[in-house]
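A.B. asks: Next input, structure requested:
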Amino acid sequence: MPVSPQQWSESPDRLQLIPETVDVWLFSLNQPSAKLDEMRKLLSSDELARSERFFQQSSGEQYVAAHGILRILLGRYLNKSPEKIVFNKNTHGKPMLVTFPDNSPDIADSNNISAHFNLSHAHDYGLIAISPDRAVGVDIEYLKREFEYLKIARRFFSPAEYESLQNTPGPLQKDAFFSGWCRKEAILKALGTGLSGGLGNFDVSISTEPHTEIIKLPEHLQAKASPNSKAKWCIQNLPEVDSYTHAVAAEGDDWALRCFSY
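C.D. replies: Presented below is the predicted three-dimensional model:
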């Protein structure tokens, strides 16, 4: 079972995909102009076009940073040039790697997944989760946003979660809301459904305390996972980042967690 690490570790010199392991990377979305120029050269034409459609220049630059760092990390793990990495999407829009068999270098094989990954970002920081052998999902949220979180919880949380949130002391309610939201969204992103999977279709604990949680999804949600997916899913908080909350989720309860700072 995963054990929550106490801090973000420095990047090792050599990155290696380790079975039964999930690596999570924390990175800043605010990269120097010179770095952004280098990252733009790594992106596909579709990614570049999307980065230019943002109304605010800063949002486009953060998109370049997030997707550039994703390509750099995957390239290091897979020993592949970052600009040559090809992505596809499932029916719900979740990105996945497309690999090219050695005997057919020009024919993409979307069934041959060499690594599972997921990306999330909020405000000034982003997270990337990577694993060689299991679906992963990650979510990060900025805590200093003001909005009517109880109304959102009443609409999207399960009845048990909403009751738990209401019973949380007032000063802790917003942090508890974000903690629950991150844990639920990480699961749905690992499944590959995104929010279309339904936040209210399963329960997570509503708590501001970091903890590991193992859940079993209802059959209709489990059916959306890969045919060989495990029945249990594990959700875990990550080392503290001031003013943010976050969570990572992955198939099974037999994986180790490593956390790095990019």
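
A.B. asks: switch to C-alpha atoms for all contacts and neighbour counts from now on
C.D. replies: Will do.

A.B. asks: Tell me how many other residues crowd the closest residue to T212 other than its chain neighbours.
C.D. replies: Among residues not flanking T212 along the chain, Q236 sits closest, at 4.6 Å (Cα to Cα, 6 or more residues apart in numbering). For Q236, the neighbour count with other Cα atoms under 10 Å is 22.

A.B. asks: Could you tell me how far Q236 is located from Q166?
C.D. replies: Per Cα to Cα, to the nearest Å, Q236 is found 23 Å from Q166.

A.B. asks: Ok, L15 next?
C.D. replies: With Cα to Cα as the criterion, L15 and Q166 are 44 Å apart.

A.B. asks: and what of E52?
C.D. replies: As judged by Cα to Cα, E52 and Q166 stand 42 Å apart.

A.B. asks: who are the neighbours in contact with the residue nearest to T212?
C.D. replies: Neighbouring residues of Q236 by Cα atoms under 8 Å, 6 or more residues apart in numbering: P2, S4, R183, P210, H211, T212, E213, A247, V248, A249.

A.B. asks: Can you list which of those residues are found in strands?
C.D. replies: Among these, the members found in strands (DSSP state E) are T212, E213, A247, V248, A249.

A.B. asks: L150: which of the residues you listed is nearest?
C.D. replies: Nearest to L150 out of the ones in strands among the contacts of Q236 is A247 (Cα to Cα; 20.4 Å).

A.B. asks: List the beta-bridge partners for the most centrally placed residue in the chain.
C.D. replies: In the chain, the residue lying closest to the centroid (Cα atoms, centre = their mean) is V138, at 2.4 Å. For V138, the beta-bridge partners under DSSP bridges are V248.

A.B. asks: Can you name the residues that contact it?
C.D. replies: By Cα under 8 Å, 6+ apart, the neighbours of V138 are 118-120, 127-129, 182, 185-187, 189-190, 246-249.

A.B. asks: Helices - which of those residues land there?
C.D. replies: C182, E185, A186, I187, K189, A190 (DSSP state H).

A.B. asks: Quick check: the third one touching V248?
C.D. replies: In this case it means A186. Yes. The criterion here is Cα atoms under 8 Å, and A186 meets it with V248 at 5.8 Å.

A.B. asks: who touches both of the two?
C.D. replies: Joint contacts of A186 and V248 (Cα under 8 Å, 6+ apart) are V136, G137, V138, D139, I235.

A.B. asks: Next one: the fourth one relative to E20, how far apart?
C.D. replies: Right, the one you point to is D139. 20 Å.

A.B. asks: who's more crowded, the two?
C.D. replies: Between D139 and E20, counting by other Cα under 10 Å, D139 is the more crowded of the two (28 against 16).

A.B. asks: hang on, isn't that one packed against I187?
C.D. replies: No. Counting by Cα under 8 Å, I187 is not a contact partner of D139; they are 9.1 Å apart.

A.B. asks: overlap in contacts of those two?
C.D. replies: Joint contacts of D139 and I187 (Cα under 8 Å, 6+ apart) are V248.

A.B. asks: related to what we said a few turns ago, let me have the contacts of Q236 in JSON lines, adding pLDDT, neighbour count and distance to L29 as columns.
C.D. replies: Converted to JSON lines, those look like this (pLDDT from 0 to 100; neighbours: other Cα atoms under 10 Å; distance: Cα to Cα, whole Å):
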{"residue": "P2", "pLDDT": "56", "neighbour count": "18", "distance to L29": "27"}
{"residue": "S4", "pLDDT": "56", "neighbour count": "17", "distance to L29": "24"}
{"residue": "R183", "pLDDT": "93", "neighbour count": "28", "distance to L29": "22"}
{"residue": "P210", "pLDDT": "82", "neighbour count": "16", "distance to L29": "24"}
{"residue": "H211", "pLDDT": "85", "neighbour count": "15", "distance to L29": "27"}
{"residue": "T212", "pLDDT": "90", "neighbour count": "19", "distance to L29": "27"}
{"residue": "E213", "pLDDT": "92", "neighbour count": "17", "distance to L29": "29"}
{"residue": "A247", "pLDDT": "96", "neighbour count": "27", "distance to L29": "18"}
{"residue": "V248", "pLDDT": "97", "neighbour count": "31", "distance to L29": "19"}
{"residue": "A249", "pLDDT": "95", "neighbour count": "31", "distance to L29": "22"}
